[in-house]
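Asks: What follows is a predicted protein model with its sequence.
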Amino acid sequence: MRRNDRAKIAVFPKGYIEEISDGRMSLAEWIEMAGTLGADGLELYPLFLKELDEAYLQQVKDAAAKQGLEIPMMCSSPDFTHPDPSFRAQEIVKMKQMIDAMAFLGPDDFRSCRVLSGQRRPEVSVEEGIRWTVECIEALLPYAGEKQVHLVMENHYKDGFWVYPEFAQQSDIYLAIIGQISSPWFGVNYDPSNAIVASEDPLKLLREVKHRVITMHASDRYVREGYSLDDLKEYSLQGYSQALAHGVIGKGVNDYNTIFSELKSIRFRGWISIEDGVNGLDEMRESVVFLRGKTAEYLEDTLESTT
């Protein structure tokens with residue numbers, strides 16, 4: 001993987017994901033809005049793409065380029081923990097389609113597709129879920145390498161269109177999966193907020209996986225009035241905590257100074273995608289400014305100190 005000369009900022013419209021997926025907002029509309037945020041690129045979601053032929057993808061790529069944006073990341077959500085082998089095989093087929101799409105859409109120097117474990121179905125054992133996830137990701141890696149698309153596994157909470165939370169939400173399972181996979185085309189998409197939702201320490205997780213971090217999701221969480229972080233322990237096993245709210249990055253409970261210090265220690269120069277917009281574009285724009293400041297403070301100093 002060629003390194004960027006600096007970390008770059010992408011935006012993912014979590015606040016508009018349903019509207020873009022069901023067509024109430026066109027992808028072209030979102031790209032035009034994203035062009036006002038001061039970011040470097042876009043992270044897309046499979047349901048944003050209404051077609052997969054090259055003519056349509058070229059339209060998407062051209063629309064992004066018109067706004068000065070690259071498309072380095074695809075927030076795909078494969079479900080590899082279904083008990084039916086034919087279902088898992090179809091998930092591999094769908095992932096190959098996203099790899100093909102990113103091979104076309106993404107910049108030459110870097111493109112990625114997120115991978116997950118799958119849904120935490122009650123009938124699936126821990127051993128089965130880990131084994132099926134590892135098997136499916138390893139089945140994809142030769143194809144991903146051929147297309148020069150990185151697969152990045154996120155410590156995740158739950159895809160918005162799933163019934164159950166992420167099978168590998170808790171870090172012991174997440175680490176057990178990534179620990180069995182070794183490939184230059186596989187790494188980590190680190191998300192500190194998802195560790196908080198799992199009632200775990202995001203810094204502890206980062207220190208365990210930082211040498212495998214390829215991309216990162218950035219957002220922040222605020223503890224609502226009347227709740228404490230201790231309340232998350234109960235909610236982490238039941239669903240998304242009512243104790244948490246989205247907000248501007250850098251003003252919530254994530255310790256971004258320490259996070260960026262850890263990223264500096266590995267000379268991180270990858271893409272950081274702001275996964276937000278729940279409270280509108282103004283907060284997303286403010287988050288871009290915050291992350292620009294942190295990358296300049298921590299990551300560009302890294303470059304200076306090594307040249």
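Replies: Done, it's in. If you're wondering where the values come from, they're calculated on a predicted model, not measured in any experiment.

Asks: what ranges do the strands span in the stretch 101-250 of the chain?
Replies: Remark: strands assigned in the stretch 101-250 of the chain by DSSP state E, counting those that start in this stretch are 112-115, 150-154, 186-190, 213-218, 221-223, 244-246.

Asks: can you list these in CSV and add distance to Ile274 and mean pLDDT?
Replies: Backbone N, C-alpha and C define where each C-beta goes, glycine included. Below are these laid out as CSV (distance: least, C-beta to C-beta, whole Å; pLDDT from 0 to 100):
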stretch, distance to Ile274, mean pLDDT
strand 112-115, 15, 98
strand 150-154, 14, 98
strand 186-190, 13, 98
strand 213-218, 5, 97
strand 221-223, 14, 78
strand 244-246, 11, 77
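
Asks: closest one to Val288 among the ones you listed?
Replies: Across the strands of the stretch 101-250 of the chain, Val288 has its closest neighbour in strand 213-218 (9.8 Å, C-beta to C-beta).

Asks: tell me what that closest one is packed against?
Replies: Judged by 3 or more C-beta pairs under 8 Å, 6 or more residues apart in numbering; DSSP states H and E, strand 213-218 is in contact with strand 150-154, strand 186-190, helix 192-197, strand 271-276.

Asks: Hey, what's the angle from the first one to strand 213-218? Just curious.
Replies: Yep, that's strand 150-154 we're talking about. 50 degrees (axes from the mean of the first three to the mean of the last three C-alpha atoms, to 10 degrees).

Asks: And strand 150-154, how far out from the chain middle?
Replies: Distance of strand 150-154 from its chain centroid, counting by C-alpha atoms, centre = their mean, to the nearest Å, is 8 Å.

Asks: got a list of contacts for that strand?
Replies: Residues from elsewhere that reach strand 150-154 (C-beta atoms under 8 Å, 6 or more residues apart in numbering): 1, 110-117, 137, 140-141, 144, 168, 174, 177-178, 181, 185-191, 194, 214-215, 217.

Asks: one more time with 6 Å, if that's ok
Replies: Strand 150-154 has contacts (C-beta atoms under 6 Å, 6 or more residues apart in numbering) with 112-115, 144, 178, 185-187, 189, 191, 214-215.

Asks: Run through the stretch 101-250 of the chain and note the low-pLDDT ranges.
Replies: In the predicted model of the stretch 101-250 of the chain, residues 229-242 satisfy pLDDT under 70.

Asks: Swap in 90 and give it another go.
Replies: Residue ranges of the stretch 101-250 of the chain with pLDDT under 90: 160, 197, 199, 219-248, 250.

Asks: for it, what spans make up the helices?
Replies: Using DSSP state H, counting those that start in this stretch, the helices of the stretch 101-250 of the chain run over 126-147, 171-178, 192-197, 202-209, 232-235.

Asks: okay, those helices, which one's buried deepest?
Replies: Stretch with highest mean neighbour count among those: helix 192-197 (a mean of 24; mean count of other C-beta atoms under 10 Å).

Asks: Summarise which helices and strands that one is packed against.
Replies: Judged by 3 or more C-beta pairs under 6 Å, 6 or more residues apart in numbering; DSSP states H and E, helix 192-197 is in contact with helix 202-209.

Asks: got the angle for the helix it packs on vs helix 171-178?
Replies: Interaxial angle of helix 202-209 relative to helix 171-178 (the same axes, to 10 degrees): 20 degrees.

Asks: Tell me which other helices or strands helix 202-209 touches.
Replies: Judged by 3+ C-beta pairs under 6 Å, 6+ apart, helix 202-209 is in contact with helix 192-197.

Asks: With distance to Trp271 as added columns, please give the strands of the stretch 101-250 of the chain in a markdown table.
Replies: What follows is the strands of the stretch 101-250 of the chain, written out as a markdown table (distance: least, C-beta to C-beta, whole Å):
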| stretch | distance to Trp271 |
| --- | --- |
| strand 112-115 | 8 |
| strand 150-154 | 10 |
| strand 186-190 | 9 |
| strand 213-218 | 5 |
| strand 221-223 | 21 |
| strand 244-246 | 21 |
